[in-house]
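Using only what follows, build the 3D model:
(one chain, ligands or ions: 1)
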Amino acid sequence: MSISCKRLVLSLISGLIMTSFTPLISAADTGIISVETAHVSLVFRITAEKQLEQLYFGEKLIDAEELVQLKKKHKPDTDRQYMLEAYTASGNRFVSQPALIAHHHDGNMSTELVFVSADQVMHDDNVSETIIHLKDRFYDFFVDLHFKSYYKEDVISQWVTYMHDEPTDVDLVQFYSAYLPVHSTQYYLTHFHGFWAGEMQLTEEKLQPGTKVVESIKGVRTTQSDNPSFLLSLDGELKEDHGEVIGGAVAWTGNFRMSFELDYQNILNVLLGMNPYNSRYTLPAGKTFHTPEVILTYSIRGAGQVSRNLHAWARKYNLYHGDDVRPVVLNSWEGAYFSFDEAVLEQMMTDAAEIGVEMFVLDDGWFGNKYPRNNDNAGLGDWQVNREKLLRGINHLADFANARGMQFGLWIEPEMVNPKSELFEQHPEWVVQQPNRELYLWRNQLLLDLTNPAVQDFIYNTVDSILTAVPNIAYLKWDANRHVENAGSTYLDPQKQTHFWIEYTKGLYDVYERIRSKYPGILIQACASGGGRLDFGSLKYHDEFWPSDNTDPLKRIRIQYATNLIYPPIATASHVSTSPNHQTNQVTPLKFRFDVAMTGRLGLELQPKDLDSEEKTFAASAISDYKKIRETIQHGDLHRLYSPYDEHGWSGQMCLSPDQSEAVVFIFSLTHHNRGDLPVIKLKGLDPGASYNVTELNKNNESFWGNNREFTGDYLMKTGMNVNVSNRYESAVFRLTLSGKVK
Ligand code: GLA
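Numbers count the residues shown, from 1 in each chain. Predicted coordinates for the structure are as follows:
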């Protein structure tokens with residue numbers, strides 16, 4: 001098929017799918033293509049040689065067309081003019097890592113992309129999509145760059161598709177979703193590193209010449225050690241309320257790679273996407289390969305605005321049920337672990353309902369008969385109710401919860417299997433494995449091979465049968481407690497073993513698609529040992545995530561602070577657990593634990609009968625107050641006031657309703673401060689001309705002299721609140737309500 005024929009076919013295909021795409025550019029145009037949001041411009045230019053050049057990404061330009069006259073100041077390296085391509089491919093002039101490496105049918109390892117055409121469509125009054133069609137100068141190899149602009153949220157998402165019509169297969173070796181060249185004086189990269197029970201630890205570093213890589217090759221539970229998200233501060237260290245900051249994330253629940261290569265011209269070459277690690281992908285003619293989406297935002301107003309952009313975008317366009325408020329949950333794990341029967345759970349539910357809990361979630365341990373799940377050694381894979389523990393089944397428990405005004409949720413870990421299980425006895429071939437290699441256990445379990453459609457069906461049918469048998473299950477906690485080892489599949493052909501990593505994640509998404517299309521109403525939590533599946537690809541199917549198995553409030557403050565730099569508080573499941581804490585053995589006041597948990601989606605993770613009556617009263621009152629303020633916490637704008645990563649020893653934040661009529665302010669003392677050394681909490685984002693009533697919640701002792709008084713927004717933002725929170729584990733929560741306009 002000739003080039004022009006092929007393009008026609010492509011246009012027809014896109015015409016069938018989205019009829020409203022209109023050509024964006026013709027030969028007579030200036031050659032400028034601009035993708036815009038309310039405050040950001042991303043601009044490309046088509047060169048005389050028909051290459052696509054990336055000219056600009058940053059604060060919105062009044063007239064992007066003006067860039068047509070831009071002459072690059074860089075000295076030419078070759079006889080061609082120096083330029084930064086929009087999407088770099090291997091093999092010709094480019095000196096840093098390319099976004100694309102394709103091996104063509106004749107063995108040619110290079111690709112030379114030229115501009116063909118561009119289309120744009122308005123999906124609605126806020127979202128538009130630009131597609132730039134590129135093609136190899138010689139081969140019938142087509143690359144489409146997709147940019148989706150979310151105007152109000154200042155977010156641009158980007159992904160790429162490849163397709164070819166070469167005589168035989170093309171091998172894709174490197175396939176990033178985005179290449180972003182950034183030019184500034186210095187670059188400070190904030191990224192998130194962690195480990196089990198200590199996920200999402202914020203690290204900021206000044207980038208030096210060479211390449212900094214943040215990646216995962218774990219395949220599953222990919223985000224336990226590093227998260228596919230970052231903040232890049234230009235010209236200086238990251239500041240909360242000012243400075244140029246790019247925020248980005250890879251929306252992919254598999255191996256990811258983000259590389260930041262600072263070259264000799266002090267240009268930072270950023271590559272974002274799937275990790276090419278051991279993942280050569282064979283693409284037959286006529287088939288399309290999609291890279292995952294990369295989410296980008298930018299602000300001149302520091303990290304704070306970047307987070308708010310990402311949160312607003314996630315609530316509206318990413319997260320499941322992003323418009324709803326989340327219920328207060330009690331999860332049985334730390335309260336009962338594997339030791340329960342009907343009576344224990346009934347007691348827990350009765351007590352939980354009494355203090356105002358709205359959703360009871362039964363965690364691990366409810367299944368397996370031949371190999372009962374009484375510890376983590378056995379039973380995974382056998383998703384039948386354990387008859388000894390739960391005589392009347394899950395239906396009885398769900399009805400019991402409903403009768404007490406609560407909804408009911410259940411834990412599952414359907415991608416996994418214990419060798420001690422009926423499932424493993426029946427289907428050893430379903431396990432991820434390599435020929436002639438010993439199987440490695442992790443938490444006594446193995447991973448099911450989601451590249452195999454039979455396994456996908458098994459997982460879908462497992463979830464479907466549970467939800468059909470117990471229609472009043474309203475919530476699933478979806479766990480995944482190991483990563484990939486022994487990467488390999490009995491299902492994939494020997495020559496296609498390198499497809500394993502990508503096909504696993506695609507298989508997982510297919511299962512989620514099927515579950516979500518049948519059960520759109522159900523709430524699903526992404527768990528993965530805590531923090532292991534925290535990415536925008538996964539959140540597309542989830543309502544929330546469990547940030548960490550570490551419920552120690554002091555640890556959670558740091559984890560959640562960093563988490564909420566990227567991901568929104570509404571999705572951050574944050575539970576009050578018992579004291580001493582089961583992970584750290586630290587003793588903390590109940591108030592401190594509640595105050596911390598109230599910064600996200602409040603829940604409990606304890607045995608409620610162990611609370612004494614004073615604690616029960618406190619818990620009931622805190623839960624009732626949370627219900628009054630949760631709309632603001634879950635849907636408001638987050639403003640950070642004090643960072644727990646700074647040396648001053650406080651952490652503070654506030655959430656503000658979009659109409660500025662209501663705010664919730666939190667302050668925590670993380671260490672002992674000298675007598676009289678009190679935080680001055682200067683609030684942000686309020687209406688300076690309005691007056692606000694300040695009420696302290698979860699009070700033990702009053703910590704603010706101005707409790708129940710009125711202050712102007714101006715006063716609260718400039719003078720601030722001096723609050724008596726200075727000893728380790730002291731904290732305060734305030735609700736501000738608009739009481740009127742001051743002229
Ligand atoms: C993982 C989860 C916990 C709990 C246990 C159950 O560790 O992170 O919250 O569900 O599994 O085995």
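
all helices for the stretch 251-400 of the chain, in order.
With DSSP state H, counting those that start in this stretch, the ranges of helices along the stretch 251-400 of the chain come out as 302-313, 333-336, 342-354, 393-403.

ok, residues contacting the second one?
Taking contacts as Cβ atoms under 8 Å, 6 or more residues apart in numbering, the residues outside helix 333-336 that touch it are 344-345, 348, 363-365, 411, 551, 577-578, 582, 605-608, 610. (C-beta placed from N, C-alpha, C; glycine too.)

got it, and stretch 501-512?
219-220, 252-255, 274-275, 277-279, 281, 415, 449-453, 455-456, 459-460, 463, 484, 487, 489, 492, 537, 540-541.

Extract the C-alpha set from it and format it as PDB.
The C-alpha trace of stretch 501-512 is given here as PDB (Å, rounded to 0.1, in the frame of the first residue of the first chain):
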ATOM      1  CA  TRP A 501       5.500  -7.300  31.200                       C
ATOM      2  CA  ILE A 502       3.200  -5.200  28.900                       C
ATOM      3  CA  GLU A 503       0.700  -8.000  28.400                       C
ATOM      4  CA  TYR A 504       0.300  -8.600  32.200                       C
ATOM      5  CA  THR A 505      -0.700  -5.000  32.800                       C
ATOM      6  CA  LYS A 506      -3.000  -4.900  29.700                       C
ATOM      7  CA  GLY A 507      -4.600  -8.200  31.000                       C
ATOM      8  CA  LEU A 508      -5.100  -6.600  34.400                       C
ATOM      9  CA  TYR A 509      -6.800  -3.500  32.700                       C
ATOM     10  CA  ASP A 510      -9.000  -5.800  30.600                       C
ATOM     11  CA  VAL A 511     -10.200  -7.600  33.800                       C
ATOM     12  CA  TYR A 512     -10.900  -4.200  35.400                       C
END
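
I'd like to know how many residues surround the closest residue to residue 401 other than its chain neighbours.
Using Cβ to Cβ, 6 or more residues apart in numbering and skipping the chain neighbours, the partner closest in space to residue 401 is residue 408 (4.1 Å). Residue 408 sits with 22 neighbouring residues when counted by other Cβ atoms under 10 Å.

how about residue 408, secondary structure?
strand (DSSP: H, G, I helix; E, B strand; the rest coil).

beta partners for it?
residue 360, residue 473 (DSSP bridges).

Name the residue of the stretch 201-350 of the chain with the shortest distance to the ligand.
Residue nearest to the ligand within the stretch 201-350 of the chain: residue 333 (4.6 Å; Cβ to the nearest ligand atom).

And the chain, by the same measure?
For the chain and the ligand, the shortest gap (Cβ to the nearest ligand atom) falls at residue 364, measuring 3.5 Å.

From residue 599, how far off is that residue?
Distance from residue 364 to residue 599, counting by Cβ to Cβ, to the nearest Å: 26 Å.

and if you look at residue 474?
Counting by Cβ to Cβ, the gap from residue 474 to residue 599 is 24 Å.

these two touch, right, the residue of the chain closest to the ligand and residue 331?
No - between residue 364 and residue 331 there is no contact, the gap being 10.3 Å when judged by Cβ atoms under 8 Å.

The two: which is more packed in?
Neighbours per residue (other Cβ under 10 Å) separate residue 364 from residue 331, with residue 331 holding more: 27 against 21.

and that one, what does it touch?
361, 363, 477, 575, 603-605.

Kindly supply the ChimeraX command isolating those of those residues that are buried.
Burial among those is assessed by 16 or more other Cβ atoms under 10 Å; the matching ChimeraX selection reads:
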select :361,363,477,575,603,604,605
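
I'd like the contacts of residue 331 written out as a markdown table, with secondary structure and pLDDT added.
Below are the contacts of residue 331 laid out as a markdown table (DSSP: H, G, I helix; E, B strand; the rest coil; pLDDT from 0 to 100):
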| residue | secondary structure | pLDDT |
| --- | --- | --- |
| 361 | strand | 99 |
| 363 | coil | 98 |
| 477 | strand | 98 |
| 575 | strand | 98 |
| 603 | strand | 98 |
| 604 | strand | 98 |
| 605 | strand | 98 |
